[in-house]
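Engineer: Take this sequence and fold it.
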Amino acid sequence: MGSSPFLNDVRTAIRLRGLSLRTEKTYLYWIRDFIRYHNYRHPKDMGPEEVIAYLGYLASHRQVAINTKRIALNALAWLYHQFLEIPLGDLSFTFASRPRRLPEVLSAFEVGEILRVMADRDKLIFSLLFGSGLRISECLRLRIKDFDFAQGTLTVRDGKGGKDRTTILSRSLQSAIEEAMHIAVQVQKKDNAQGVGPSIPGVLNRKYPSAYRDPAWMFVFPSSGLCTHPVTGVLCRHHLHDSVPRRALKQATLMADIRHRRITCHTFRHSFATELLKSGRDIRTVQELLGHYDLKTTQIYTHVLGSHFAGTASPLDMLLRAV
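Structural biologist: Numbers count the residues shown, from 1 in each chain. Presented below is the predicted three-dimensional model:
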């Protein structure tokens with residue numbers, strides 16, 4: 001099914017519209033699953049009723065999360081509206097409201113305890129997550145050209161929503177970053193001797209055919225092996241897979257004896273935001289550094305800190321003072 005002519009046409013259309021590789025994989029997965037659920041009927045022979053039935057199946061039988069159902073619907077909406085040009089109309093399908101959960105955060109001390117037991121490369125990765133508010137995917141995609149030590153900034157390319165943004169860079173990390181860059185360039189030189197280099201986006205690879213030899217394009221955290229680029233088919237070296245730092249984090253939390261909470265890579269980004277707000281930074285500044293489109297997304301951290309009810313005393317405290 002994965003190599004069917006129809007899905008190949010869908011893949012081509014996704015790439016022509018410039019959607020990210022991650023979006024391509026996600027859309028193809030849900031479109032393929034939708035077709036499989038309906039016994040491999042062609043989507044052009046189906047419509048709103050089949051889409052609603054499939055979403056109901058995801059909710060009742062597979063019990064997927066609300067956000068996952070939204071992603072599946074986005075994929076099918078794109079398939080019908082953009083590719084098949086068949087309007088689905090009003091599906092009259094509403095999702096249950098997603099319960100609000102406060103993000104888990106670490107104190108600066110706890111972050112320090114975790115970093116202390118990590119190997120150098122992993123320590124640098126998580127230092128960047130906490131020090132610059134990066135998502136793990138954004139961190140691993142960093143190239144040498146994205147760092148500006150003179151300004152104390154780094155640039156995140158093609159972040160969530162396809163946006164670029166500039167965020168702060170801890171000057172205390174400069175020597176560790178330069179060491180990582182040196183190691184990465186040595187890897188690049190060995191690859192160049194074999195006629196290969198870091199993976200370059202398809203369009204840029206055609207525009208700058210020798211970019212793979214330029215250190216500026218090298219990933220700071222390269223993968224340990226070569227791979228074939230999924231779009232261009234060129235043999236190259238991609239960045240480190242996110243499963244590597246995730247395993248390192250799990251081991252580090254055990255070693256640091258911080259086991260009472262669920263700590264993920266994203267916890268360090270949450271902790272970056274709360275530490276800035278605790279230190280008195282303006283919430284709109286934090287919004288810009290995190291790359292949030294909506295200020296409401298950033299405001300969740302004021303609830304983590306309890307700053308929305310700052311100055312309010314507990315009734316028990318008032319009772320004890322009166323006694």
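Engineer: Show me where the stretch 1-150 of the chain has its strands.
Structural biologist: Counting by DSSP state E, counting those that start in this stretch, the stretch 1-150 of the chain forms strands over residues 147-148, given from the N-terminal end onward.
Engineer: can you give me the helices for it?
Structural biologist: Listed in chain order, the helices of the stretch 1-150 of the chain (DSSP state H, counting those that start in this stretch) span 5-16, 21-37, 48-60, 66-78, 108-116, 120-132, 136-140.
Engineer: Let's have those helices in TSV, adding mean neighbour count, mean pLDDT and distance to residue 180.
Structural biologist: Placement of C-beta: from N, CA and C, glycine included. Converted to TSV, these look like this (neighbours: other C-beta atoms under 10 Å; pLDDT from 0 to 100; distance: least, C-beta to C-beta, whole Å):
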stretch	mean neighbour count	mean pLDDT	distance to residue 180
helix 5-16	14	92	32
helix 21-37	17	94	24
helix 48-60	16	92	42
helix 66-78	17	91	34
helix 108-116	16	96	15
helix 120-132	21	97	6
helix 136-140	22	96	12
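Engineer: could you dump those to a markdown table with distance to residue 260?
Structural biologist: As requested, the helices of the stretch 1-150 of the chain are exported to a markdown table (distance: least, C-beta to C-beta, whole Å):
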| stretch | distance to residue 260 |
| --- | --- |
| helix 5-16 | 43 |
| helix 21-37 | 32 |
| helix 48-60 | 32 |
| helix 66-78 | 26 |
| helix 108-116 | 11 |
| helix 120-132 | 19 |
| helix 136-140 | 22 |
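Engineer: Touching stretch 144-163 from outside, list them.
Structural biologist: When contacts are taken as C-beta atoms under 8 Å, 6 or more residues apart in numbering, the neighbours of stretch 144-163 outside the stretch itself are 20, 128, 132, 134-135, 138, 141-143, 164-169, 171, 174, 177, 181, 184-185, 215-218, 220, 291, 293.
Engineer: With stretch 183-198 instead?
Structural biologist: Residues external to stretch 183-198 that are found in contact with it (C-beta under 8 Å, 6+ apart): 143-144, 211-213, 215, 217-222, 226, 234-239.
Engineer: ok, of the contacts of stretch 144-163, which come out buried?
Structural biologist: Of all these considered here, the ones buried according to neighbour count by 16 or more other C-beta atoms under 10 Å are 128, 132, 134-135, 138, 141-143, 165, 167-169, 177, 181, 184, 215, 217-218, 220, 291.
Engineer: now for the helices of the stretch 1-150 of the chain, which one comes closest to residue 261?
Structural biologist: helix 108-116 (9.3 Å; C-beta to C-beta).
Engineer: about what we covered before: separate out the buried members of the contacts of stretch 183-198.
Structural biologist: For the contacts of stretch 183-198, a neighbour count by 16+ other C-beta under 10 Å gives the buried set as 143-144, 211-213, 215, 217-222, 236-239.
Engineer: what's the closest of those residues to residue 42?
Structural biologist: residue 238 (34.6 Å).
Engineer: need the helices for the stretch 201-323 of the chain, in chain order.
Structural biologist: 202-207, 243-255, 265-278, 283-290, 295-305, 315-322.
Engineer: which residues sit against the shortest one?
Structural biologist: Pointing back at helix 202-207 there. Taking C-beta under 8 Å, 6+ apart as the criterion, the residues outside helix 202-207 that touch it are 211-212, 229, 231-232, 234.
Engineer: Repeat the analysis, applying 10 Å as the threshold.
Structural biologist: Helix 202-207 is touched from outside by 15, 18, 21, 197, 199-201, 211-212, 217, 229-234, 236, with contacts defined as C-beta atoms under 10 Å, 6 or more residues apart in numbering.
Engineer: and it, what's its mean pLDDT?
Structural biologist: Mean pLDDT, computed over helix 202-207, is 74.
Engineer: Render the CA-only coordinates of it in PDB, please.
Structural biologist: Extracted in PDB, the C-alpha atoms of helix 202-207 (Å, rounded to 0.1, in the frame of the first residue of the first chain):
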ATOM      1  CA  GLY A 202      16.400  19.500  -1.800                       C
ATOM      2  CA  VAL A 203      16.000  23.000  -3.300                       C
ATOM      3  CA  LEU A 204      19.100  24.400  -1.600                       C
ATOM      4  CA  ASN A 205      21.100  21.300  -2.600                       C
ATOM      5  CA  ARG A 206      20.400  22.200  -6.300                       C
ATOM      6  CA  LYS A 207      21.100  25.900  -5.700                       C
END
